[in-house]
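Visitor: I would like the atomic coordinates for the input below:
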Amino acid sequence: MPYTMVIMEPPKRGKTVLVVDDEPDLRELLEVNLNKDGFRVIHASTGEEALELASKETPTIIILDVMLPGLDGFEVCRRLKADTRIKSIPVIMLTAMTEEPDIVAGLELGATDYITKPFSPRVVRAKVKAALRSRQDTNTDDNAIISAHNIVIDPQRHEVFVDNEAVKLTSTEFRVLRFLAMRPGWVFSRYQIVDAVKGEDYAVTERSVDVQVVALRKKLGTSGKLIETVRGVGYRLKEE
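Guide: Coordinates of the predicted model:
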């Protein structure tokens with residue numbers, strides 16, 4: 001039976017946010033707050049400049065004001081989504097217009113989300129992370145079989161094999177193992193693991209992640225040592 005190993009690129013420092021707004025103070029406010037999450041921030045004050053930067057820099061995500069000098073945000077969004085090279089970049093519309101038709105117009109043009117002014121920087125940060133998480137989830141084949149070391153994980157059948165021997169895991173243990181196995185070598189905090197594997201059947205908390213890992217190691221036998229503890233950070237599956 002052929003197995004494939006799926007590796008997804010996790011969130012990392014240095015991803016780029018293009019902030020498009022003609023207000024310098026607002027651009028600075030967004031930059032300061034997005035820097036806290038490790039994002040590199042670039043700026044544009046006009047629609048034309050935004051299109052040029054988007055094409056040149058290929059940012060990870062774009063925060064786009066609707067009311068811009070020259071090309072407005074709606075037209076910029078339309079042109080972004082018409083360009084096959086950059087159409088997949090998530091766009092969050094930033095607008096002072098709270099009328100439903102204006103919001104719908106942005107979403108129908110391909111915007112991922114919108115934020116109304118005045119806004120809380122925390123809301124912006126949360127929406128940026130949510131948009132990127134949604135994009136990552138969309139690009140993931142949830143049914144792909146994962147093979148790492150001597151461990152094989154079949155999400156469709158909800159089965160795990162170690163050296164071709166079936167290992168019975170709880171639903172939460174399965175999700176934790178699958179999450180780590182999808183990104184061998186990458187270190188994840190307990191919070192990131194909770195965020196990735198939480199489900200209705202079990203109230204996963206940062207403290208309970210440790211319990212899940214202990215149980216996983218025990219059930220995996222000698223292969224349990226492949227789940228490594230990184231002191232002060234979290235856990236990772238040893239890189240092959």
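Visitor: CA atoms for contacts and neighbours, from now on please.
Guide: Noted.
Visitor: elements contacting the helix or strand of the chain with the lowest mean pLDDT?
Guide: Here the helix or strand of the chain ranked lowest by mean pLDDT, DSSP states H and E is helix 100-108, holding a mean of 75. Packing partners of helix 100-108 (3 or more Cα pairs under 8 Å, 6 or more residues apart in numbering; DSSP states H and E): helix 73-82, strand 113-116.
Visitor: and Ser147, which helix or strand is it part of?
Guide: strand 146-148 (DSSP states H and E).
Visitor: what's the offset of that strand from the middle of its chain?
Guide: 21 Å (Cα atoms, centre = their mean, to the nearest Å).
Visitor: elements contacting it?
Guide: strand 151-154, helix 171-181.
Visitor: would you mind writing the CA trace of the longest one as PDB?
Guide: Output in PDB follows, covering the C-alpha atoms of helix 171-181 (Å, rounded to 0.1, in the frame of the first residue of the first chain):
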ATOM      1  CA  SER A 171     -10.200  10.800  19.000                       C
ATOM      2  CA  THR A 172      -8.100  13.500  20.700                       C
ATOM      3  CA  GLU A 173      -4.900  11.500  20.700                       C
ATOM      4  CA  PHE A 174      -5.400  10.800  17.100                       C
ATOM      5  CA  ARG A 175      -5.800  14.500  16.300                       C
ATOM      6  CA  VAL A 176      -2.700  15.400  18.300                       C
ATOM      7  CA  LEU A 177      -0.600  12.800  16.600                       C
ATOM      8  CA  ARG A 178      -1.800  13.700  13.100                       C
ATOM      9  CA  PHE A 179      -1.200  17.400  13.700                       C
ATOM     10  CA  LEU A 180       2.400  16.800  14.800                       C
ATOM     11  CA  ALA A 181       3.000  14.200  12.000                       C
END
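Visitor: what is it packed up against?
Guide: strand 146-148, helix 190-197, helix 206-220, strand 234-237.
Visitor: as a markdown table, the ones you listed with distance to Leu132, mean pLDDT and mean neighbour count would be great.
Guide: Output for the helices and strands packed on helix 171-181, formatted as a markdown table (distance: least, Cα to Cα, whole Å; pLDDT from 0 to 100; neighbours: other Cα atoms under 10 Å):
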| stretch | distance to Leu132 | mean pLDDT | mean neighbour count |
| --- | --- | --- | --- |
| strand 146-148 | 23 | 87 | 20 |
| helix 190-197 | 13 | 81 | 16 |
| helix 206-220 | 22 | 91 | 16 |
| strand 234-237 | 22 | 90 | 22 |
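Visitor: most remote residue from the middle of the chain, which is it?
Guide: Glu165 (33.2 Å; Cα atoms, centre = their mean).
Visitor: what's the first helix or strand after the helix or strand where Ala50 lies?
Guide: Per DSSP H and E, Ala50 falls inside helix 47-57. Downstream of helix 47-57, the first helix or strand assigned by DSSP H and E is strand 61-65.
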